[in-house]
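Asker: Just need the structure, nothing else, for what follows:
(2 chains)
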Amino acid sequence: MSSINVSNLVVKINDLEILHGVDFFMPENTVIGIVGESGSGKTTFVRSLMGILPAGGAAAGEYEIDGENVPLPGDEKSWGNVRGKKLGLIMQDPFTALDPRTKCGKQITAPLPKGEADTFDISAALSEVGLSPDVANKYPFELSGGMRQRVVIAAVLALNPEILVADEATSALDVIIQEEILDLIVNIHEKKNTPLIIITHDLRILSSRTKTVLVFKDGEIVERGLTAEVISDPQNPYTKELLEAGKPGLRDVRLTFPNSKELMKAEHLNKHFGAQQALDDVNIDIFFDESVAVVGESGSGKTTLARTIIGLEQADSGTITFAKDCPSSVQIVFQDPYSSLNPAMKIGSILKEALRTAGRPESDVAELLEMVEIPFDFASRRPAQLSGGQRQRIAIARALATKPNLLICDESVSALDVIIQRKIIDLLICLREKEKFSMLFISHDMNVVRELADRVYVMKDGKVVEGGDANDVWNNPQNEYTVRLLNARLTEI
Amino acid sequence: MKKFFLELSLGSKISLFILVVIALWLIFPALFGANHIPQDIITGVQPPGTAGHLLGTDSLGRDVLKLTIAGTRSALIGPLVIATGSIILGLLLGSLAGWYGGKVDWIISRYADITLSMPTLLLAIVAAGIIGGGYWVSVLVMTILYSPFDIRLVRSAVIGEKHKPYIEAGLVLKLKTIRILARHIFPNIAIVVMVNFFLNIAYGLMSMSSLSFLGLGVSPGSADWGRQLADSRGILWGNPAAALSAGIAIIITAVAINTIGNNFVQKKSL
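Answerer: Residues are numbered from 1 along each chain as shown, chains lettered A, B, ... in the order given. So this is what the prediction gives:
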């Protein structure tokens, strides 16, 4: 039974104040949710509790675990008793959290003292996290992301921490797996009575799992209270915005006008990467002015499909045909806003280059920037000076500079914070009304898809398992996999 | 600019100062009276501190300080040409190999492997033996033998960049390959290429000096650090400054170039 009491926690990293006096109390045996967008200081908060701030970081304030004072900033010796033993941290990325050259069993016992490691029951530890004993003899690369995260959890539990901290522990995983891992963590909490802190950018996953919630913004707690109350009656304007952004839009009116003219038709597409079949006899079509979504988990082949349509990959077999009277002008907006703009070029030059390829005058840069609601003086900035959302707007402007018939959005909003995500989605909806292009929207997020798509294809293991009108798929899914996908994300707040 | 200078470490400031002085020696030797160095064989070797000759004179009676300053040009022009030439070859062949891959990559990479396996100095000596030696023959041989390092470097940097979304966005916009390479890839791999450029100057300085020391670089009697080092071995007791000044000039220049190169990279990669 453990509690945490933190008062007036101030964290500076290289003289920049990240946390401005945070007060935090965690009673025994509870689940607390911490929510906030990237840069809000939620991860810095956890890192300061564990004494693992990045270089140049310094924490100050009062910090107690079980009424025992933990000195801040503290030295390596005092932190040794906190890390792992008092607080067990489950980190975000299971793909880099494990040593690729060590078998999983050994990684679980690695933090234990020598004597204990020999007698430790690895099979029991694995079964506790829902893995079979033979995982102990496997290397991380032989496991899926969800299984790796289970191994990470087993390693954290091996030390029997008094308090569990899950820092975005599921953000890197597919929706269905996300649910499984969250349930696992909550189960462990219930079984062992271990207090649990869940940190996330996604309010939805907290709603049914935590009693109390804290909202972080710009290094401060702007709202705290019972989860149900905060969600039903938010007091802080930021919390309201966060909740609004997370709500799936209910769009019943179709944006597009019925248009029976086919823009693109892909037939019997097959594509192998080594032994893996990324596309397995895929047939899809897109009509003029239509917005089509392809939904699926990672590895379902949805990105390969997009890349094949745009010509960045060649299909092994199959055909892609575009309507005769329209030149096959397709453009794409990628997922990662940080690598999709050339860091060495100014925004203006990036857009001018795109305009030139379409034979448009360079002076149209102003028009493009206005279209994506970016001030004109950004033309002289470089990508590094822009936020993720702003960069994604520039990427959209670059794609639309050529006035394409089809715009492919490959997970274009998944790397962004919810509020920014909402704004980009609104922008895309508005642009489609104005510019009249067809859209192929690739996503793993059913909520996003619901707002943008007229028609939906669901992909799994390289196959299209379901396709049809978005409302039909939404309200009456036929395929079992689609049902699971919908259930995983339908949690409305 | 002022801020940039103030932020430099002490070592970098000193290095920068040294390189400015050496650049002046290189471009305007006349400023230091080093354009014309009279011989005085009859007086011969004089120790440092002799009136009119701060560092004394060598066996031909030439002023050592002036000789060292005059030797800058021959010592550094070669390495600069080598580093520039090898970087041009590297960018050209390396980006072809990295960008196109497949057969093009195979041919260029095997060429790089073969040239890489040849001992630089030995080949320069052999070439001198066959073609008859001379400064520019050595420069040519070394440019070719230095280029595989640049080719490999550029190749791997291009491969690292070419799958990034901003390059793919360029492909989707149907930009010309030459434009993608020149406008999108080169600026982003410039740092690694610059590091090697600085390293190559320093290596080239050492190699060219070694060749001159062996009597294969410049013709006897020319002002050149390597040559000066070789010629002054015989008068090490008569005027140690004659050999030392050339040796120290080589070392200090090489270190200063590396320091500045290193500093440049650290600033850029922040």
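
Asker: Need the phi and psi values for B:Ala112.
Answerer: phi -60, psi -40 (degrees, to the nearest 10).

Asker: interface residues of chain A facing chain B?
Answerer: A:310-312, A:330-332, A:334-336, A:339-345, A:353-354, A:357, A:395, A:398-399, A:402 (C-beta under 8 Å from any C-beta of the partner chain). Where you see a C-beta, it was placed from the backbone N, CA and C, and this is true even at glycine.

Asker: so where is the stretch 51-200 of chain B shaky, pLDDT-wise?
Answerer: Scanning the stretch 51-200 of chain B for pLDDT under 70 picks out B:133.

Asker: Please identify the residues of it in proximity to chain A?
Answerer: B:164-166, B:168-175, B:183-184, B:187-188.

Asker: So for chain A, the centremost residue is which one?
Answerer: By C-alpha atoms, centre = their mean, chain A has its centre lying nearest to A:Ser171, at 4.9 Å.

Asker: tell me which element the nearest residue to that residue once chain neighbours are set aside falls in.
Answerer: Excluding its sequence neighbours, the residue lying closest to A:Ser171 (C-beta to C-beta, 6 or more residues apart in numbering or on different chains) is A:Gln92, at 5.6 Å. Applying DSSP states H and E as the criterion places A:Gln92 outside every helix and strand.

Asker: wait, A:Gln92 sits on A:Asp167?
Answerer: Yes: proximity of A:Gln92 to A:Asp167 meets the contact threshold set by C-beta atoms under 8 Å, at 6.0 Å.

Asker: SS state for the residue in chain A sticking out farthest from the centre?
Answerer: What lies farthest from the middle of chain A is A:Gly115; by C-alpha atoms, centre = their mean that is 40.1 Å. Using DSSP: H, G, I helix; E, B strand; the rest coil, the structure places A:Gly115 in helix.

Asker: quick one, phi psi at the residue nearest to A:Ser171?
Answerer: Dihedral pair for A:Gln92: phi -70, psi -50, per degrees, to the nearest 10.

Asker: And the pLDDT for it?
Answerer: The score at A:Gln92 is 80. That number is its pLDDT.

Asker: likewise A:Ser340?
Answerer: 90.

Asker: can you check A:Ser328 too?
Answerer: pLDDT, A:Ser328: 59.

Asker: Count the neighbours of the residue nearest to A:Ser171 for me.
Answerer: 19 (other C-beta atoms under 10 Å in any protein chain shown).

Asker: what does A:His20 give?
Answerer: A:His20: 15 neighbours (other C-beta under 10 Å).

Asker: ok, it touching A:Gly219?
Answerer: Yes: under the criterion of C-beta under 8 Å, A:His20 makes contact with A:Gly219 at 4.9 Å.

Asker: re earlier: out of the residues of the stretch 51-200 of chain B next to chain A, which end up buried?
Answerer: B:164-166, B:168-170, B:172-173, B:175, B:183-184, B:188 (16 or more other C-beta atoms under 10 Å in any protein chain shown).

Asker: which pair in the residues you listed spans the largest distance?
Answerer: Spatial extent of these (C-beta to C-beta) is set by the pair B:Val172 and B:Asn188 at 18.3 Å.

Asker: element containing the spatially closest residue to B:Leu8 that is not a sequence neighbour?
Answerer: Nearest residue to B:Leu8, sequence neighbours excluded (C-beta to C-beta, 6+ apart): B:Asn263, at 6.5 Å. Using DSSP H and E, B:Asn263 sits within helix B:240-269.

Asker: what's the average pLDDT for that helix?
Answerer: Helix B:240-269 comes out at a mean pLDDT of 84.

Asker: what distance separates that helix from the centre of its chain?
Answerer: Relative to its parent chain, helix B:240-269 has a centroid offset of 11 Å by C-alpha atoms, centre = their mean, to the nearest Å.

Asker: before we move on, what about stretch A:69-86?
Answerer: Relative to the centre of its chain, stretch A:69-86 is centred 31 Å away, using C-alpha atoms, centre = their mean.

Asker: can you list contacts of it?
Answerer: A:2, A:9, A:48-52, A:58-65, A:89, A:111, A:156, A:159-163 (C-beta atoms under 8 Å, 6 or more residues apart in numbering or on different chains).

Asker: What's the PyMOL syntax to select whichever of those are buried?
Answerer: In PyMOL, a selection of the buried entries from those looks like this (16+ other C-beta under 10 Å):
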select buried, chain A and resi 2+9+48+49+50+51+59+61+63+65+89+111+156+159+161+162+163
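
Asker: In strands only, show me the contacts of stretch A:69-86.
Answerer: A:9, A:58-65, A:89, A:163 (DSSP state E).

Asker: Just send those residues back as a markdown table, with distance to B:Val81 too.
Answerer: Listed next are the ones in strands among the contacts of stretch A:69-86 as a markdown table, based on distance: C-beta to C-beta, whole Å:
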| residue | distance to B:Val81 |
| --- | --- |
| A:Leu9 | 60 |
| A:Ala58 | 51 |
| A:Ala59 | 55 |
| A:Ala60 | 58 |
| A:Gly61 | 61 |
| A:Glu62 | 66 |
| A:Tyr63 | 63 |
| A:Glu64 | 69 |
| A:Ile65 | 67 |
| A:Leu89 | 56 |
| A:Ile163 | 66 |
